[in-house]
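K.L.:
Output the structure for:
(2 chains)
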Amino acid sequence: MIWNEKKECMSRDEMTALQSARLVKLVDYVYHNVEFYRKKMQNLGLLPSDIKGIEDISKLPFTTKDDLRDNYPFGLFAVPQSQIVRVHASSGTTGKATVVGYTRKDLDIWSECVARCLAMADVSKNDVIQVAYGYGLFTGGLGAHYGAEKIGAMVVPMSTGNTKKLTTMMLDFKATAIACTPSYLLHISEVLAEEGKLGELKLKTAICGAEPWTEKMHQDIERRLNIHAHDIYGLSEIMGPGVACDCIYNKGLHVCEDHFYPEILNSDTLTAVPDGEVGELVFTTLTKEGLPLIRYRTKDLTSIDRTPCECGRTSARISRFKGRVDDMLIIRGVNVFPSQVEAALAEVPEVSPHYVIVVDRVNNLDTLEIQVEVNPEYFTDEIRGLEKLNKKITHVISQALGLNPKVKIVEPQTLVRSQGKAVHVIDNRKLY
Amino acid sequence: MSAKQLSVFIENRQGRLGEVLNVLKNNDVNILSLSLADTTEYGLLRLIVNKPEIGKEKLAEQGFSTMLTAVLVIEIQHEAGSLQTLLEILSKRDINIEYMYGLSTNANRAFVVLKTSDLNKASDVLAEYGIKCLTSEDVCAL
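P.N.:
Residues are numbered from 1 along each chain as shown, chains lettered A, B, ... in the order given. Here you go, the predicted structure:
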């Protein structure tokens, strides 16, 4: 089913006209309401009237995650705090979180976008959907929740952390849909298989996101659970989940491009690459009030296809993700920057600044190991002392990342010291 | 009075213990006693050697985390119950044993190596009972 046929199936010309009108309005809005953008435009000698349509977007300045950090917490908000009705936050590249704010209208549009995505996954008011993304500052839980309520499905706000309760309710409530990370869904399928209960499932569709997954994982999930699995994409800076999702034809993720204008750019030259070629995904929020962003660099690599889809939708589709421009890792759905680990370890005098992050996937769940070297002057020959140190490091890192790592103390001088940019990450998962 | 123990941190990797022993051999450092405490991730090798300072220096040069720790080396009767008698003395005075291992010589003599909570106090308490703790020089002369 198509949730909003008028918007999702409009002709290319109509869409371009709508995007143009919205961009012109947006530029005028940020120029007058966000000092950061006004200054950036002034530095480029740009006036709002210079932007006459979507074709002028390349004249506009970029926005990065660092800009959000530098204006922490609310510096880029375009409305007074009294109009903000909710905030979410995600990992920043250093200790500071990236904070995003929503007006009531922003939340309505977000729900609308998630509803479109759920409809692509064939979710309707007749469905029972378990939302097993984390509820809280992370956008996954509440984002999926509000979209599912808008559709009118019966929402079970599971959040994360208790697989046993989840599988029990999945069977008892006859859940037909689930929203969670793809690796967690694979884990759930294994738990159910072990209990011999796969046959009792009423599940027919899954909306998976918050981490990259391969086509093989996609097929594994569909085969094991006998369902359709859909890839939902989003990022808190732009909105949260619901920016894009794939339909049953599995030919790329339909972008809600009347709200989020996508560009695919060469990440070195920052110029547009032709449709079909891989580049960095850049979004401009066309309708957001609380935290409108112009040309936000997602650092995600993908390609775009603007031809109509077999499902009837005409919205542009982005391909399954091909990687990242930066060194951000997504572990159990949580964004992790190596620089966060580095900053956390700097607070522990007992360890050297050298570290290695080893990420793997065991039984479909991500594992995170941090290897550190103990400074010789803090070396102790008592296991109790080393274990105490291990606990201290684990605590500091888990506070910084929101994830519990396994800390491994290694011998001094054993972690690789490379020339120039250090290699701090070993990712044994094959995600792209 | 105490003796010096050479402690070495070893990751649980194949051949790592052999590398430590190789460094000691090449520098003519003889091992009189040893204990290896292990966890799933790493081990702590504790050694009584004839030349602890040289051992520490050479191992550190090779990148090992090492340290010299003061321990008590005590001779006990080579008969049943003698170790228990010794531990009772320490226990009565609230001295905890951190770790312990044996040391024997080719003569029919028995020694224990002890790391306790308060080493000086332990040494004093033992002296009250006429029990002497060996120095590193004493140990080398055994």
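
K.L.:
can you pull the pLDDT of residue 60?
P.N.:
No chain in the question, so chain A it is. Per-residue confidence (pLDDT) for residue A:60: 98.

K.L.:
You answered for a different chain; I wanted chain B.
P.N.:
Here, the pLDDT recorded for residue B:60 equals 91.

K.L.:
residues in chain B within reach of chain A, list them.
P.N.:
B:5, B:7, B:9-11, B:37, B:39, B:41-42, B:44, B:46, B:60, B:63-67, B:69, B:98-99, B:115 (C-beta under 8 Å from any C-beta of the partner chain). Yep, even glycine has a C-beta here, placed from its N, CA and C like the rest.

K.L.:
Which of those residues fall within helices?
P.N.:
Within the residues of chain B next to chain A, residues falling in helices by DSSP state H are residue B:60.

K.L.:
Show me which of the residues of chain B next to chain A are buried.
P.N.:
Neighbour-count burial (16 or more other C-beta atoms under 10 Å in any protein chain shown) is assigned, among those, to B:5, B:7, B:9-10, B:42, B:44, B:46, B:60, B:64-67, B:69, B:98-99, B:115.

K.L.:
which one among the residues you listed gets closest to chain A?
P.N.:
Compare each of these with chain A using C-beta to the nearest C-beta and the shortest gap goes to residue B:7, at 3.3 Å.

K.L.:
give me the beta-bridge partners of that closest one?
P.N.:
Note on residue B:7: beta-bridge partners residue B:46, residue B:67, judged by DSSP bridges.

K.L.:
what's near enough to touch it?
P.N.:
Residue B:7 makes contacts with A:381, B:44, B:45, B:46, B:47, B:66, B:67, B:68, B:69, as judged by C-beta atoms under 8 Å, 6 or more residues apart in numbering or on different chains.

K.L.:
Closest to residue A:6 out of those residues?
P.N.:
Nearest to residue A:6 among the contacts of residue B:7: residue B:44, at 70.2 Å, using C-beta to C-beta.

K.L.:
rewinding a little: check the contacts of residue B:7 for the minimum pLDDT and say which it is.
P.N.:
Lowest in pLDDT among those is residue A:381, which has 85.

K.L.:
residues contacting that one?
P.N.:
Counting by C-beta under 8 Å, 6+ apart, residue A:381 has contacts B:5, B:7, B:9, B:44, B:46, B:67, B:69.

K.L.:
if you set the cut-off to 10 Å instead, what comes out?
P.N.:
Under the criterion of C-beta atoms under 10 Å, 6 or more residues apart in numbering or on different chains, the neighbours of residue A:381 are B:5-9, B:37, B:44-46, B:65-69, B:71, B:98-99, B:115.

K.L.:
cool, residue A:297 as well?
P.N.:
Per C-beta under 10 Å, 6+ apart, neighbours of residue A:297: A:62-67, A:237, A:263, A:265, A:267, A:270, A:280-283, A:325-326.

K.L.:
again, 8 Å this time
P.N.:
A:62, A:63, A:64, A:65, A:267, A:280, A:282, A:325.

K.L.:
okay, these in TSV with distance to chain B next?
P.N.:
Below are the contacts of residue A:297 laid out as TSV (distance: C-beta to the nearest C-beta, whole Å):
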residue	distance to chain B
A:62	44
A:63	43
A:64	39
A:65	35
A:267	38
A:280	39
A:282	43
A:325	35
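
K.L.:
related to what we said a few turns ago, which ones among the residues of chain B next to chain A lie within strands?
P.N.:
If you go by DSSP state E, the residues of chain B next to chain A have B:5, B:7, B:9-11, B:37, B:42, B:44, B:46, B:66-67, B:69, B:98-99, B:115 in strands.

K.L.:
quick one: whatever residue of the stretch 251-400 of chain A ends up closest to chain B and residue B:43, what's the gap?
P.N.:
Across the stretch 251-400 of chain A, the shortest distance to chain B (C-beta to the nearest C-beta) belongs to residue A:381, at 3.3 Å. Applying C-beta to C-beta, to the nearest Å, the value for residue A:381 to residue B:43 is 11 Å.
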